[in-house]
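Engineer: Fold the following.
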Amino acid sequence: MQNLRRRKPNEPDRPEHDPKPEEAQEEGKNKGEGSKKTDKVNKWSCINNCCWLIGLICSIWWLLLFLYKAMPSSLPQYVTEAITGPLPDPPGEKLRKEGLKAVHPVIFVPGIVTAGLELWEGKPCADGLFRKRLWGGTFGEVYKRPLCWVEHMSLNNETGLDPVDIRVRSVPGLVAADYFAPGYFVWAVLIANLACIGYEEKNMHMASYDWRLSFQNTEARDRTLSRMKSTIELMVASNGGKKAVIVPHSMGVLYFLHFMKWVEAPAPMGGGGGPNWCAEHIKAVMNIGGPFLGVPKAVPGLLSAEARDIAVARAIAPGVLDNDIFHLQTLQHVMRMTRTWDATMSMIPKGGNAIWGDLNWSPEEGYSASKKKKDENLKENDDVGQENPKRNKAHYGRMISFGKDVAEASQSDIDRIDFRGAVKGSNVANTSCRDVWTEYHDMGVGGVKAVADYKAYTADDVLDLLHFVAPKMMARGDAQFSYGIANDPDDPKYQHYRYWSNPLETKLPDAPEMEIFSLYGVGIPTERAYVYKVTPYADCSIPFQINISANVGEEGSCLRDGVFLVDGDETVPVLSSGYMCAKGWRGKTKYNPSGITTYVREYDHAPPANFLEGRGTQSGAHVDIMGNFALIEDVMRVAAGHTGKDLGGDRVCSDIFKWADKINLKL
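Structural biologist: Next up is the predicted model:
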């Protein structure tokens, strides 16, 4: 056959279909290149997958955002009504149908954190941010230049005022605190409802201020108290002499308490308005979520820059908030910044052990956290939130305990070594941590050990503890605030401004026709006392930490994630919000000599039934309560001319009157 070739001698047999050596070599080369290409594809497949996943998430996000912006504004309400049935009329619409109209001018006083701050002068790292919000709004600058943002949000650690070449000021107008961030309302819902009965900027004002400063320093630097005085006078005069209704929220409650003393005190310390100024200009003060007696939550904030939620996050991702991740020691920077904010010290618990309890006693002892659940030991109609000593023996008076065993032990079993005057030892942190200075760098191992060895801290002890761990911070605080109890408020020393925001050391104005309301949420477990542990000395971190592993598995227990919980609005315990209006100011007392009428109005928390309801219209949470329809209606009715009696007097869901009676304070 022609296609058969001759075989050379000694040539091995090869099948006819086998490739030639040259072809085999070429094929092998191609296979090698193909293998390399395959390896290359496999090598980059994970990165490609991640990129595709990120791109997909972003695309879906932008698509949903576009659809949300493009859909008719009535669609969410239509869907909600289709699921839950017709929604009730908002308070503004309801009261407008009843014929209520704007009568008294309304002044809003925002609290800590919720009002916007903008930049007027800054360092080179803040170029392009002139009059842009550093607080409130989108918070975009936090992500772009975090250390620059921390520097500009901090105050001078010695004076509590502006650092050199930095000026951050409060945003003026209603927009200062209507929304904290896009879509997250604070005052916006109340403002919108008041507008339904005729309110606008001529008879409605947001008295914004720089909430970082001590109350008296807002006047020294910005003349904020003087501007509030002038605004109230102008609005009363331009509204036919109708007295103003003041609506403070959160720390704004303490700020306005300070204002009422300042405005009547003689210059230069006060505003020089005279002893009748409040009686002539104020109809009612409707305090929302007021921390009259402080909040225990302020203590861990100053001690370890955390609360329960931060402590949980700190434990879930150990080291991320403590150590030098991407050169950002998060908690140290937060502590360095917040310890320059003097206003945070206004929230330290007031009244000491007489109010908050000691190692063995507290007004709320016996409270059960499972308020909504039935207990076989209680009668059918009893509120499970009432005292039930059989189920719970929480020592709330031990505001700080080092170890769960200490928190639960009897007083006789606690062997405490006094930390006051202890010699502070060698530095806790190594030198690489010195770029984020906190006062813990000067305390040392000896100081940390002394704090832990004291084991249990009551409200009286907490003040000494803060003086020990942060003496420079507390030196500023002592010049601006006081936390005691005045046996005789007429003593001349209490005329100093440092006492004016403490209701237990100052008197209400002589204004018997004025009314004071305490409006706050209940039914939410609220932080009251803490179980702590010491972190390893070698770490570049804050040496104390809430021990979230401290839990009690029993149903109804008040100890969760290292925190003892009690009734409140998630931030302020009932005791702080309600005591003064329930007892301290009730009738003629040494703190209320003119007998101003006081009312307690509580709003039992009911979470939204579904996500379409947003933050809910019956919420009792500290900020979300600003959208509570019942609270908004109460404020609007008083603004329209009603009195506390017209509202029905007290509205109480908690044990505030029972707890107040347990406090043995001579009134």
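Engineer: Would you agree Leu359 is in contact with Gln411?
Structural biologist: Yes - between Leu359 and Gln411 a contact is recorded at 4.6 Å, counting by C-beta atoms under 8 Å. (Glycine included, C-beta is placed from N, CA and C.)
Engineer: So for these two, which residue has more residues nearby?
Structural biologist: Comparing Leu359 with Gln411 by other C-beta atoms under 10 Å, the one with more neighbours is Leu359, at 21 against 13.
Engineer: show me the residues around the more buried one that make contact.
Structural biologist: Residues in contact with Leu359 (C-beta atoms under 8 Å, 6 or more residues apart in numbering) are 395, 397-398, 411, 414, 456, 458.
Engineer: Kindly state the pLDDT recorded for it?
Structural biologist: For Leu359, the pLDDT comes out at 95.
Engineer: and the gap between it and Pro182?
Structural biologist: Noted for Leu359: a distance of 47 Å to Pro182, by C-beta to C-beta, to the nearest Å.
Engineer: Kindly report the same for Arg601.
Structural biologist: Separation of Arg601 from Pro182 (C-beta to C-beta): 31 Å.
Engineer: Neighbour count for those two, which is higher?
Structural biologist: A count of neighbours by other C-beta under 10 Å puts Arg601 above the other of Arg601 and Pro182, at 24 against 7.
Engineer: Which residues are in contact with the more buried one?
Structural biologist: Listed by C-beta under 8 Å, 6+ apart, the contact set of Arg601 reads 517-520, 631, 634, 647, 650-651.
Engineer: again, 10 Å this time
Structural biologist: 286-288, 517-520, 578, 581, 630-631, 634-635, 644, 647-652 (C-beta atoms under 10 Å, 6 or more residues apart in numbering).
Engineer: Looking at those residues, which are in helices?
Structural biologist: If you go by DSSP state H, the contacts of Arg601 have 578, 630-631, 634-635, 644, 647 in helices.
Engineer: Distance from stretch 131-140 to the middle of the chain?
Structural biologist: Distance of stretch 131-140 from the chain centroid (C-alpha atoms, centre = their mean, to the nearest Å) equals 18 Å.
Engineer: Also stretch 93-100?
Structural biologist: 34 Å.
Engineer: Same check on stretch 468-478?
Structural biologist: 22 Å.
Engineer: In it, which of the residues would be classed as buried?
Structural biologist: Buried positions in stretch 468-478, judged by neighbour count with 16 or more other C-beta atoms under 10 Å: 468-470, 473-474, 476-477.
Engineer: Check stretch 90-98 too.
Structural biologist: Under the neighbour-count criterion of 16+ other C-beta under 10 Å, stretch 90-98 has 90-92, 94-96 buried.
Engineer: Could you identify the least confident member of the residues you listed?
Structural biologist: Pro90 (92).
Engineer: State the distance from that one to Ala181.
Structural biologist: Pro90 is 22 Å from Ala181, by C-beta to C-beta.
Engineer: cool, Thr506 as well?
Structural biologist: 35 Å.
Engineer: quick one, which of these two is more surrounded?
Structural biologist: Higher neighbour count among Thr506 and Ala181: Thr506, with 21 against 12, using other C-beta under 10 Å.
Engineer: backbone phi and psi for that one, please?
Structural biologist: Dihedral pair for Thr506: phi -150, psi 160, per degrees, to the nearest 10.
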